[in-house]
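**Student:** sharing a model prediction with you, sequence too.
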Amino acid sequence: KTYTIDFEELEEFVVETHKKTPVAHPLLRRYSISSQSKAKKLKIFNDLRPKSSSGSLTKAGPEGPGRLGSDVAMDKASELEEENVDPSPRSNTGEGQGNELEPASRWSFFSSEFDESIHAADLGGLVMPGESFRDLFELGPEGGVWWLDMLNPSEEEVFAICKAFGVHPLTREDITTQETREKVELFRSYYFVCFRSFYQEDKQSEDFMEPINVYIVVFREGLLTFTFCHNPHASNVRKRIGRLRDYVNLSADWVCYALIDDIVDAFGPVIHDIEIETDAIEDNVFTTRAEDSRLILRQIGDCRKKVMSLIRLLGGKADVIKGFAKRCNEQYTVTPRGDVGLYLSDVQDHVVTMMSNLSHFEKMLSRSHSNYLAQISVDNIAQGNRANSTLGKVTLIATILVPLNLICGLFGMNVPVPGRESEGLGWFFGIVGVIVTFSLSCIIVAKRLRYF
């Protein structure tokens with residue numbers, strides 16, 4: 001063995017009562033608040049049946065005849081209400097977490113010596129009565145692997161686990177402070193992997209695709225994993241082990257690879273959905289009506305936001321896995337052995353392919369965005385030209401009518417004007433003829449000059 005486990009430290013921690021200080025995580029706080037709202041208080045339904053004075057049934061007890069069973073229940077419910085007792089089951093989370101609900105399977109333990117995994121709400125629940133932690137972590141003479149997975153551990157629990165397993169204080173600090181930089185660090189008896197996933201429980205949630213940190217401490221015979229938000233990776237890896245344990249040389253390094261591979265594979269469906277959405281946006285750019293301009297621009301913006309989020313999450317993974325695989329090939333004493341280095345190279349190829357696809361989608365969305373803005377600009381220019389043409393025609397008509405108004409105004413003055421004393425219609429038709437001739441001449445000139 002390359003390490004020693006302080007089983008006495010684990011047993012003392014289980015026996016002692018500790019307050020639980022939560023490790024801060026934004027998604028965890030939101031989840032806890034929503035869980036609080038789901039915790040309902042005891043509902044009291046009053047007895048609405050008509051009561052009779054003589055025909056009531058009594059219930060005998062050690063103190064003689066009692067009251068109606070429904071009345072007793074109502075009295076108990078009223079006592080609970082007066083004492084403000086919430087009958088909903090809650091775990092003792094101590095100060096800092098208040099009334100947060102605690103998952104029933106917060107601790108999970110897998111061992112190659114057991115047929116099934118063990119799930120418990122706290123560390124002490126992993127051990128059956130009459131057994132000890134030494135029996136839990138003991139492996140057979142042929143070797144094997146154990147895996148302790150922790151969901152949302154408190155600071156006291158992280159300190160106790162790290163002390164019992166001899167984890168370096170720097171690793172413990174990275175876990176408790178939620179270190180976000182992805183990395184692989186080598187220590188004397190283990191190597192430490194910090195990898196980032198994303199929240200994928202609910203696609204309609206505002207927290208979808210928010211980063212989630214996964215911390216893995218890998219010893220030669222087993223590994224510890226720490227996560228601070230609900231995620232399906234540990235469950236998926238346990239299912240994978242159940243299907244392949246008869247065909248794979250199971251080791252702590254292989255479990256670590258399987259976790260990294262499952263995290264990377266989780267990006268696949270999201271990238272596929274983005275590909276479909278990108279193709280749809282590119283097809284709709286030139287067919288969208290002007291009334292839907294806000295909708296298509298919002299779709300482009302949301303899709304580009306998803307692409308940038310995935311690029312941010314996948315950006316450092318290729319370098320981390322590449323460095324990890326290089327250290328494996330250099331045969332360090334604590335790094336994975338065997339074919340795990342080849343598996344990591346395959347994961348690196350997947351990451352590089354996903355990054356290439358995301359870069360292509362970003363270029364497509366950028367081109368679609370530019371094309372749509374150019375189309376909107378062309379439509380606005382065409383609309384402006386049509387408005388200018390209409391205004392030009394109105395200006396031409398006004399230009400023709402101004403001289404005609406001047407002529408009519410001159411002959412309509414209340415002063416002696418030519419033709420006022422005339423008794424025939426010659427002057428009238430002469431004035432109309434001049435107006436018509438002037439109008440036609442102006443129209444012909446405007447036509448030749450292409451004013452309309």
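**Tutor:** All right, it came through fine.
**Student:** can you tell me how far Ala280 is from Gly166?
**Tutor:** Using C-beta to C-beta, to the nearest Å, one obtains 54 Å as the distance from Ala280 to Gly166. For glycine as for every other residue, the C-beta is placed from the backbone atoms N, C-alpha and C.
**Student:** where does Asp261 fall, secondary structure wise?
**Tutor:** Element membership of Asp261, judged by DSSP states H and E, is helix 252-265.
**Student:** returning to what we had before: okay, Ala280 and Gly166: which has more neighbours?
**Tutor:** Relative neighbour count places Gly166 above the other of Ala280 and Gly166, with 15 against 12, counting by other C-beta atoms under 10 Å.
**Student:** got the phi/psi numbers for the more buried one?
**Tutor:** Main-chain torsions, Gly166, degrees, to the nearest 10: phi 70, psi 40.
**Student:** correct me, but it touches Phe187?
**Tutor:** No: using C-beta atoms under 8 Å, Gly166 makes no contact with Phe187, being 9.3 Å away.
**Student:** and the helix holding Asp261, average pLDDT?
**Tutor:** Computed over helix 252-265, the mean pLDDT rounds to 90.
**Student:** just give the nearest non-adjacent residue to the most centrally placed residue in the chain, would you?
**Tutor:** Centroid-nearest residue in the chain, with C-alpha atoms, centre = their mean: Phe208, separated by 1.2 Å. Distances taken as C-beta to C-beta, 6 or more residues apart in numbering put Tyr199 closest to Phe208, at 6.0 Å, once the chain neighbours are dropped.
**Student:** remind me, longest helix of this protein?
**Tutor:** helix 340-411 (DSSP state H).
**Student:** next secondary structure after it?
**Tutor:** Past helix 340-411, the next helix or strand by DSSP H and E is helix 426-448.
**Student:** could you check the angle that following helix makes with helix 340-411?
**Tutor:** Orientation note: helix 426-448 sits at an angle of 160 degrees relative to helix 340-411 (axes from the mean of the first three to the mean of the last three C-alpha atoms, to 10 degrees).
**Student:** which helices and strands sit right next to helix 426-448?
**Tutor:** Packed against helix 426-448 by the contact rule (3 or more C-beta pairs under 8 Å, 6 or more residues apart in numbering; DSSP states H and E) you find helix 340-411.
**Student:** and the average pLDDT for the helix it packs on is what?
**Tutor:** Averaging pLDDT along helix 340-411 yields 86.
**Student:** that one to helix 252-265, inter-axis angle?
**Tutor:** Calculated by the same axes, to 10 degrees, helix 340-411 forms an angle of 10 degrees with helix 252-265.
**Student:** distance from helix 340-411 to the middle of the chain?
**Tutor:** If you compare the mean C-alpha spot of helix 340-411 with that of the full chain, they lie 33 Å apart, counting by C-alpha atoms, centre = their mean, to the nearest Å.
**Student:** then stretch 193-213?
**Tutor:** Mean C-alpha position of stretch 193-213 versus that of the full chain (C-alpha atoms, centre = their mean) differs by 5 Å.
**Student:** what's the answer for stretch 143-158, then?
**Tutor:** In this view, stretch 143-158 has its centroid 25 Å away from the chain centroid, taken as C-alpha atoms, centre = their mean.
**Student:** C-terminal to whichever helix or strand Glu185 is part of, what's the next element?
**Tutor:** Secondary structure from DSSP H and E places Glu185 in strand 183-186. Heading C-terminal from strand 183-186, the first helix or strand you meet, by DSSP H and E, is strand 191-198.
**Student:** who touches that following strand?
**Tutor:** If you take C-beta atoms under 8 Å, 6 or more residues apart in numbering as the criterion, strand 191-198 is touched by 168, 171, 174, 179-186, 208-218, 231, 233, 256, 259-260, 263, 266-267, 309, 313, 316-317, 320, 324, 334-335.
**Student:** the closest residue to Glu179 other than its chain neighbours - how many residues pack around it?
**Tutor:** With C-beta to C-beta, 6+ apart as the measure, Cys194 is the residue that lies nearest to Glu179, at 5.8 Å, once sequence neighbours are left out. Residue neighbour count, defined by other C-beta under 10 Å, stands at 21 for Cys194.
**Student:** confidence score at Cys194?
**Tutor:** Residue-level confidence at Cys194 comes out at 91, pLDDT.
**Student:** please name the bridge partners of it.
**Tutor:** Legend: beta-bridge partners of Cys194 under DSSP bridges are Lys183, Tyr215.
**Student:** contacts only, for Thr399.
**Tutor:** Here Thr399 is in contact with Cys442 (C-beta under 8 Å, 6+ apart).
**Student:** can you tell me how far it is from Gly409?
**Tutor:** With the distance defined as C-beta to C-beta, Thr399 ends up 17 Å from Gly409.
**Student:** then Leu223?
**Tutor:** Separation of Leu223 from Gly409 (C-beta to C-beta): 101 Å.
**Student:** next one: Ile381
**Tutor:** Relative to Gly409, Ile381 is positioned 41 Å away (C-beta to C-beta).
**Student:** assign the nearest residue to Leu365 once chain neighbours are set aside to helix, strand or coil.
**Tutor:** Beyond its immediate neighbours in the sequence, the residue positioned closest to Leu365 (C-beta to C-beta, 6+ apart) is Arg304, lying 5.0 Å away. For Arg304, the reduced secondary structure class is helix; criterion used: DSSP: H, G, I helix; E, B strand; the rest coil.
**Student:** surely the residue nearest to the centre of the chain is in a strand?
**Tutor:** No: the assignment for Phe208, made by three-state DSSP, is coil rather than a strand.
**Student:** list the contacts of it.
**Tutor:** Taking C-beta under 8 Å, 6+ apart as the contact definition, Phe208 lies against 198-200, 202.
**Student:** show me which of those is closest to Phe114.
**Tutor:** The shortest separation between Phe114 and any of those is 28.7 Å, and it belongs to Gln200 (by C-beta to C-beta).
**Student:** for the closest one, what are its contacts?
**Tutor:** Per C-beta under 8 Å, 6+ apart, neighbours of Gln200: 208-209, 231-232, 266, 270.
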